[in-house]
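A.B. asks: Curious how this folds, go ahead:
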Amino acid sequence: MAGAALLAWWAVAFHPSYAQLWMVPLGLVLAGTPPVVCLALRFSSVSRAPPPLLPPGKGSSESAGAPPQPPLVDVVVHK
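C.D. replies: This is a model prediction of the structure:
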């Protein structure tokens, strides 16, 4: 939202004279970062396969009674 506001301000106030051009890339970065982060978090849990089920006492420490770690999207979004 801040990126769109910055670009709108630049377009109204400075575009005719092409002044303050630093506002354009900054506005694009501010406007584009949230969608990229949301897409990355959304698709991060899709590409992750569940761990294989092993009998108790065999293999990883998760089977020793430690709870599995939550997906990254749950940690970031729900805290």
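
A.B. asks: What about residue 10, how many residues nearby?
C.D. replies: Neighbours of residue 10 under the rule other CB atoms under 10 Å: 18. C-betas here are computed from N, CA, C, even on glycine.

A.B. asks: actually residue 3, not the one I wrote
C.D. replies: 16.

A.B. asks: Pull the contacting residues for it.
C.D. replies: Listed by CB atoms under 8 Å, 6 or more residues apart in numbering, the contact partners of residue 3 are 26, 27, 28, 29, 30, 31, 32, 33.

A.B. asks: tell me which element residue 69 is part of?
C.D. replies: Using DSSP states H and E, residue 69 sits in no helix or strand.

A.B. asks: swap that for residue 67, please
C.D. replies: Using DSSP H and E, residue 67 falls outside every helix and strand.

A.B. asks: Residue 33 now?
C.D. replies: helix 23-44.

A.B. asks: Packing partners of that helix?
C.D. replies: Packing contacts for helix 23-44, counted by 3 or more CB pairs under 8 Å, 6 or more residues apart in numbering; DSSP states H and E, involve helix 2-13, helix 72-77.

A.B. asks: which one of the ones you listed lies closest to residue 41?
C.D. replies: Closest approach to residue 41 among the helices and strands packed on helix 23-44 (CB to CB): helix 72-77, 4.6 Å.

A.B. asks: Quick check: mean pLDDT of the closest one?
C.D. replies: Averaging pLDDT along helix 72-77 yields 68.

A.B. asks: now stretch 33-51
C.D. replies: On average, stretch 33-51 scores 78.

A.B. asks: what do you get for stretch 6-23?
C.D. replies: For stretch 6-23, the per-residue pLDDT averages 88.

A.B. asks: Would you mind listing the buried residues in stretch 19-36?
C.D. replies: The neighbour-count check on stretch 19-36 (16 or more other CB atoms under 10 Å) flags 23, 24, 27, 30, 31 as buried.

A.B. asks: who's in contact with that stretch?
C.D. replies: 2, 3, 4, 6, 7, 9, 10, 13, 14.

A.B. asks: Filter those down to the buried ones.
C.D. replies: 3, 6, 7, 10.
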